[in-house]
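# next come a sequence and a model predicted from it.
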Number of protein chains: 2
Amino acid sequence: MSIQAAIDTLTAKGIDIDTNPPSVKSKSRDFFWYSPVLKDRLDHVVADFVATPKSEAEVIDILRICHAEDVPVTTRGAGTGNYGQAMPLAGGCILHLGKMTAVKDIAPGRVICEPGILLKDLDAACKADSGQELRMFSSTWATATIGGFIAGGSGGVGSVRWGGLRDVGNILRLRVVTMEAEPRVMEITGDDIHRVAHAYGTNGIITEIEMPLAPAYDWVGIFLSFKDFEEALRYSYDLAACDGLLIKLATIFEAPIAKDYFQRVAPHVAEDDAVVALMVAPHAMPGWETFTAAYSGAKTIYVQGQTDWPRQPGHVFEYGWNHTTLRALKVDPSITYLQIAYGADDPIALIGKVKERLSPEVLQHVEVTRSGGRVTMSGLTLVKFTSEERLDEIIAMHEEMGAINFNPHRYTLEEGGRQTVDDRQLAFKREADPKGLLNPGKMITWDDPDWSYDSMYAWPGLQPKTAAE
Amino acid sequence: MSIQAAIDTLTAKGIDIDTNPPSVKSKSRDFFWYSPVLKDRLDHVVADFVATPKSEAEVIDILRICHAEDVPVTTRGAGTGNYGQAMPLAGGCILHLGKMTAVKDIAPGRVICEPGILLKDLDAACKADSGQELRMFSSTWATATIGGFIAGGSGGVGSVRWGGLRDVGNILRLRVVTMEAEPRVMEITGDDIHRVAHAYGTNGIITEIEMPLAPAYDWVGIFLSFKDFEEALRYSYDLAACDGLLIKLATIFEAPIAKDYFQRVAPHVAEDDAVVALMVAPHAMPGWETFTAAYSGAKTIYVQGQTDWPRQPGHVFEYGWNHTTLRALKVDPSITYLQIAYGADDPIALIGKVKERLSPEVLQHVEVTRSGGRVTMSGLTLVKFTSEERLDEIIAMHEEMGAINFNPHRYTLEEGGRQTVDDRQLAFKREADPKGLLNPGKMITWDDPDWSYDSMYAWPGLQPKTAAE
Ligand SMILES: Cc1cc2nc3c(=O)[nH]c(=O)nc-3n(C[C@H](O)[C@H](O)[C@H](O)COP(=O)(O)OP(=O)(O)OC[C@H]3O[C@@H](n4cnc5c(N)ncnc54)[C@H](O)[C@@H]3O)c2cc1C
Ligand SMILES: Cc1cc2nc3c(=O)[nH]c(=O)nc-3n(C[C@H](O)[C@H](O)[C@H](O)COP(=O)(O)OP(=O)(O)OC[C@H]3O[C@@H](n4cnc5c(N)ncnc54)[C@H](O)[C@@H]3O)c2cc1C
């Protein structure tokens, strides 16, 4: 590999190259530090340079040149991923897409854009054009890119209505550039979308995206408190099951999450209050009131635009999804989290069982979503971290009770998923990245097809700690 | 009761009154003749006159005057109901709302309108204003009113996504005029909506309606054929369970319904083909193609805008819901139908059981809907009518197998429902129609609270057959 040769050729082509150590360092990091495990493994990781293309043509130049010089390329949207997805384990080039932000076309039900636009800017453009918005967004709406959401995220605010990003219909088309001697540009639709969505940029660079849209509403943020956690779960589940009541978020927090970690909510709740956060469409408010009246334990403490708290809480969705973890971490740095699927069959009972066994070391933060036409629940569970061993033990207890774990303390696709490779992703990597230069170290099966998964995978190619310091 | 005094006073007030026998006769009828049972009982029923108000103020005048003169008032939208809902069992006044068609306000997610506007005109207004449309409509979209849909219908095209009209959030507000010495005007929201929605106008006249809206799309009509009926059911069920694929209709027809009754579809299917009719959002088409490719038995025979049939089939939804019955009736006048709920737990197995036992005397026409956050199936089942006894037997067999019957061969609210009164509707009738003059004979519990339901209810006040002839 010749880093310098790549830099020189790229610079000669007029491509924006950054080699300034502090800025390269900062663009080599994401929110991996949510995990003490990843923090230990990846803190030292750093790229050699950052390339910032302004167009697909420049992306192609960068890939061609890096391919020729055997330079690894790790793509970066905004670097808000939590598993080190955007971290260059072997150094090399950070391909930063922050300048590819064009919105190309908006039509009823769809938008075509470049990958580097922030979710909030994309929503603003769609709303201004025709009163539309994305069906779902990561709670990092204000800071994350649509490309990073598709390549590194799974769903979020809106998934309570529309399901997850991987559900058929929630991504319409991706345009992808391969990492070859002569990079190809491919239009990917239908089932093939699974090849590159949520693949961490290991098998192609997304340069254009077509997403479905929903109508934009001035969603009403709401907080309720419940003395009984199970009633809070039941309330949220039943609300999400109302096909005629349009909501965009239903999140449940076990006590004392709200009291301890949500500064602006804390004055309005007690230590033993479970809290529910909602986003409700304005025209669903009368129905929501009707619905809520039937739950004797539901106490509405905040309705955006109606309740006058001395300090407004801001966007309600910035309490849910992985923002819950962020708020907890800020107060107690020893907090980390898990990603748990409780399924659709009897999630409330399963959550009760887990809580019974593990609270308060483990506190329930539950997101209500839809999947396969049913209401489901997932946990972005808060965990008081003591040791890696204990964390693994806690995860094992979840699996034992029948809850499914998507481990956020691992940097590989397989370990963050169900410990098997997605064959379509692997096959497409063979085709699109024959030299294995795209985000290396993130797909175990590429490097070690016989890996057994009995312990955490440690990619042999990872920069040694000393080398980078 | 003094009919003539009422007519005179109304005429003096400048209200449009029609006493011309053929036109009064035609405005006294609806689509009750779908049922041979109702045809026998109600064919002779006729009002004394028709009053056509232009405003809520005129509605109030009509109700005040008819109340004073003890004249029964039966409201009429467009008279497309199937159970004689709009038929004046005791004669009197038909309150025809066909001139109250104003659209008063359209905002994101909602519309306010008068009751007499046709569903299709309301959709056109919402689309022109802001690219919106009703969440759901009766398949009589081209001919029925929104008021009649709410007071006499249950759901339809769009219910596969949004559930039924009775589900919370699917009607936002109703403005209702009571039948009293001095009629009152009431604004009804929330749970109280159930008092007057689907009450056949027995307890108040709806003069203004606020409905939620969804984005308008140029829905793509599709027909598929399947050799295996069960696969057709499974395909449709699974499609409706895709939260990310926006569809508005999923209807399944057992063979040989399409071959025998759908003239323009018939040339493209065989006698043994089950057929599925769909409406898919344009931006869901790539996802729909992906989804469909996984069903080896699914043969796409028509895609609106792509397939060039010598004779175009028209609106695909005009093959579904109760239009299926209409098409069958036109070919074979001995056909009638049932309304069956197969539920959400295992509807496909239950439908299989019913089909096994009753086909071909009974042919399955199944609508996929959502209810309580789950995919459900209902039958608007075709029945080859032989006698009332046999029809009752067939219904009993359905109930015995666990399928729920909503009998369309009855003219009362209770018998068309679950044979119990809706207490809220009865209570509201006591309040809003103390003399019992609104659409008399349609609420058993008003007249005979101890009715046992062992046989068909025959309202004692029904016009005698001879009297009207
Ligand atoms: C507080 C907080 C809350 C969060 N909430 C959510 C949530 O609700 N839902 C959710 O799914 N995630 C959530 N996340 C994770 C993350 O923020 C989201 O997935 C986010 O959308 C990532 O966008 P990004 O632009 O920061 O991507 P990055 O972190 O820059 O990249 C993510 C991955 O995608 C790859 N990538 C980026 N752009 C491209 C491209 N154009 N082509 C190919 N590969 C590319 C990167 O290489 C990387 O592997 C949260 C994280 C934090 C810190
Ligand atoms: C071919 C066919 C297909 C159909 N498909 C469907 C379907 O998909 N879904 C469905 O739900 N139904 C269906 N129906 C039944 C019927 O067409 C619908 O319910 C329709 O919306 C009724 O509207 P309308 O204006 O014709 O009402 P009408 O038949 O005139 O009235 C229906 C009832 O509402 C009362 N009413 C009308 N207006 C008011 C008012 N303003 N205030 C108080 N009471 C009032 C009437 O008194 C009557 O009891 C179908 C019928 C046919 C013939």
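Ah, there it is. Residues are numbered from 1 along each chain as shown, chains lettered A, B, ... in the order given. Ligands and ions are numbered 1, 2, ... in the order given.
# domains for chain A, by residue range?
If you go by automatic domain parsing, the domain ranges for chain A are A:3-97+A:425-447, A:103-216, A:220-405.
# quick one, which of those is nearest to ligand 2?
domain A:220-405 (14.9 Å; CB to the nearest ligand atom). (Glycine included, C-beta is placed from N, CA and C.)
# centroid-nearest residue for chain A?
Nearest to the geometric centre of chain A sits A:Gly153, at 3.3 Å (CA atoms, centre = their mean).
# quick one, what contacts the closest residue to that one other than its chain neighbours?
Distances taken as CB to CB, 6 or more residues apart in numbering or on different chains place A:Ser138 nearest to A:Gly153, at 5.0 Å, with adjacent residues excluded. A:Ser138 makes contact with A:80, A:119, A:144, A:149, A:153, A:156-157, A:321-322, according to CB atoms under 8 Å, 6 or more residues apart in numbering or on different chains.
# in helices, which of those residues fall?
Counting by DSSP state H, the part of these found in helices is A:119, A:149, A:322.
# out of those, which is most surrounded?
Within the ones in helices among the contacts of A:Ser138, A:Phe149 tops the neighbour count with 32 neighbours, counted by other CB atoms under 10 Å in any protein chain shown.
# what separation do you get for it and chain B?
For A:Phe149, the distance to chain B equals 15 Å [CB to the nearest CB, to the nearest Å].
# returning to what we had before: any idea how far the residue nearest to the centre of chain A lies from chain B?
15 Å.
# contact distance from chain B - what residues of the stretch 351-469 of chain A qualify?
Contact residues, the stretch 351-469 of chain A versus chain B (CB under 8 Å from any CB of the partner chain): A:370-375.
# are any of the residues you listed buried, and which?
Using 16 or more other CB atoms under 10 Å in any protein chain shown as the burial test, these include A:370-371, A:373-375 as buried.
# wait, which of these is closest to B:His398?
Lowest distance from B:His398 to these (CB to CB) belongs to A:Gly373, with 25.0 Å.
# spatially nearest residue to that closest one, not counting backbone neighbours?
B:Ala241 (2.7 Å).
# helix/strand/coil for A:Ala270?
At A:Ala270, secondary structure determined by DSSP: H, G, I helix; E, B strand; the rest coil is coil.
# any idea how far chain B is from it?
Here A:Ala270 is placed at a distance of 29 Å from chain B (CB to the nearest CB).
# and the residue of the stretch 101-250 of chain A nearest ligand 1?
A:Gly148 (1.9 Å).
# identify the residues contacting the nearest residue to A:Ala199 once chain neighbours are set aside.
Distance criterion CB to CB, 6+ apart; nearest residue to A:Ala199, sequence neighbours excluded, is A:Gln425 at 4.9 Å. Going by CB under 8 Å, 6+ apart, A:Gln425 touches A:194-196, A:199, A:202-203, A:413, A:443.
# and A:Gln425, that's in a strand?
No: counting by three-state DSSP, A:Gln425 is not part of a strand but helix.
# mind checking how far it is from chain B?
The spacing between A:Gln425 and chain B, counted by CB to the nearest CB, is 17 Å.
# repeat that for A:Ile117.
19 Å.
# pLDDT value on A:Lys465, please?
The per-residue pLDDT reported for A:Lys465 equals 89.
# how about A:Tyr453?
pLDDT for A:Tyr453: 93.
# ok, A:Ser225 next?
At A:Ser225, pLDDT is 98.
# hmm, it is touching A:Asp273, no?
Yes: at 4.2 Å, A:Ser225 counts as touching A:Asp273 under the criterion of CB atoms under 8 Å.
# which neighbours do the two share?
With CB under 8 Å, 6+ apart as the test, A:Ser225 and A:Asp273 both reach A:Ala258.
# check the burial of whatever residue of the stretch 1-150 of chain A ends up closest to chain B by counting its neighbours.
At 3.9 Å from chain B, A:Gly109 is the closest residue in the stretch 1-150 of chain A, using CB to the nearest CB. Neighbourhood size, A:Gly109 [other CB under 10 Å]: 24.
# next one: A:Ala298
With other CB under 10 Å as criterion, A:Ala298 counts 18.
# just to revisit the earlier point, just the ones of the buried ones among the residues of the stretch 351-469 of chain A next to chain B in strands?
Cross-referencing those against strands under DSSP state E gives A:370-371, A:374-375.
# farthest-apart pair in those, please.
Greatest spacing in those, by CB to CB: A:Ser371 and A:Val375 (8.3 Å).
# mutual contacts of those two, please.
A:Ala344.
# got a list of what the closest residue to chain B within the stretch 101-250 of chain A touches?
Minimum separation of the stretch 101-250 of chain A from chain B (CB to the nearest CB) falls at A:Ala241, amounting to 2.8 Å. By CB under 8 Å, 6+ apart, the contact set of A:Ala241 is A:375, B:372-374.
# can you pick out the most distant pair from those?
A:Val375 and B:Gly372 (9.2 Å).
# residue numbers of the stretch 51-200 of chain A in contact with ligand 1?
A:74-82, A:85-86, A:97, A:115, A:138-140, A:144-145, A:147-149, A:151-156, A:200 (CB under 6 Å from any ligand atom).
# now those residues: which count as buried?
For those, buried by 16+ other CB under 10 Å: A:74-82, A:85-86, A:97, A:115, A:138-140, A:144-145, A:147-149, A:151-156, A:200.
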